[in-house]
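Trainee: got a structure for you, letters missing:
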């Protein structure tokens, strides 16, 4: 009923407010455990969504991070038992870890009284007393804020440790694509707070996951995108060998055709290729350009109109950035060399022997607009 729904909504909001406003509340731990248990056990989608929103609001407004640390520990316990709830893991994105705010302990009433006393005409003796009291209060407040900052920093470091233990466990187990994507989102968001050694370990773990044959192609593409979205890799502050990413992407290009969610996979694949080839001109090399352009044009023969147009646009962008790709249309320059299509490696498949014979098939495509679009782009 609507009345029950409103009652449950108000209850969730009040629980989140109690947790944020009353940090020293005696029953805060029991409320936290109830929230997490109900998120895991409840099957009603509307009730679960309300609980997730309540948790997100609490994570956003919790400045000391005491109760949020307790909640994360509970969620990590469930993950150790093999129970992964990807929506619960997504709530970690709202944690108040990145910014440390100073907590003001001065009451507004005391400030008002002091301002009134200063504004009045007071004798010199009283003014000296007021100044002395103000200095004492300032010293006390500085000590209190320092202690509070230390507590918050300690809680936030504990939060980071708990969260990344869950993320690494989720990536290693790789139970489902939803949990894997939520773990990757969290790693990308909080990667700026990682140590250098742990940072390299996360990249190694991601590359190991790309070699896992049990994973779907959409999961592998999401892993490649998440590695490219690391902030230090965007700024080129860390040196990294991208050859493993190129190899994995070259293998995935034809696996995309056999996936159920083909449309999503092709969109993600186009984004990955544009990020790895167009944005990284120095690291690509002409061999990789030849092999990837061949696979892209051959992929056009197996896709619908919308995706063929997208792939052709990407190919034309690569063609304009690397003008030496024009030799792929020259039959005489490729004499004596044979392209090895069975080898799943962009550099060892003899890409110098590639000829784009698919161009003729695309000219005779069943949709006439593809023919005109393809010729226009070239």
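Mentor: Ah, there it is. Everything numeric here is computed off the predicted structure, so don't read it as measured data.
Trainee: Provide a list of residues in contact with residue 205.
Mentor: 168, 171, 172 (Cβ atoms under 8 Å, 6 or more residues apart in numbering). Every residue, glycine included, has its C-beta placed from N, CA and C.
Trainee: how close does it sit to residue 223?
Mentor: 10 Å (Cβ to Cβ, to the nearest Å).
Trainee: cool, and residue 229?
Mentor: In terms of Cβ to Cβ, residue 229 sits 11 Å off from residue 223.
Trainee: cool, residue 95 as well?
Mentor: Taking Cβ to Cβ, one finds residue 95 at 23 Å from residue 223.
Trainee: repeat for residue 14
Mentor: When residue 14 is compared with residue 223 (using Cβ to Cβ), they lie 40 Å apart.
Trainee: Could I get the contacting residues of residue 187?
Mentor: 164, 167, 171, 202, 226.
Trainee: ok, which pair from those residues is furthest apart?
Mentor: Farthest pair in the contacts of residue 187 (Cβ to Cβ) is 164 and 226. Separation: 14.4 Å.
Trainee: Now do the residue minimising distance to the centre of the chain, the pLDDT please.
Mentor: Taking Cα atoms, centre = their mean as the criterion, residue 185 is the residue nearest the geometric centre of the chain, at 2.4 Å. The model reports residue 185 with a pLDDT of 87.
Trainee: Not counting residues beside it along the chain, what's closest to it?
Mentor: residue 93 (6.5 Å; Cβ to Cβ, 6 or more residues apart in numbering).
Trainee: low pLDDT regions in the stretch 201-350 of the chain?
Mentor: 231-239, 330-337 (pLDDT under 70).
Trainee: Would you map the helices across it?
Mentor: 217-228, 231-234, 243-255, 262-273, 281-284, 286-299, 305-321 (DSSP state H, counting those that start in this stretch).
Trainee: Please, where are all the strands along this structure?
Mentor: Using DSSP state E, the chain contains no strands.
Trainee: Pop the domain breakdown of it in here.
Mentor: Domains of the chain are assigned by the TED database as 1-97+143-214, 280-377.
Trainee: any chance of those domains in a markdown table, plus distance to residue 247?
Mentor: Below are these laid out as a markdown table (distance: least, Cβ to Cβ, whole Å):
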| stretch | distance to residue 247 |
| --- | --- |
| domain 1-97+143-214 | 8 |
| domain 280-377 | 6 |
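Trainee: Select, out of those, the one closest to residue 243.
Mentor: domain 280-377 (8.3 Å).
Trainee: and the closest one, how far from the chain's centre?
Mentor: Here domain 280-377 is found 31 Å from its chain centre; the criterion is Cα atoms, centre = their mean, to the nearest Å.
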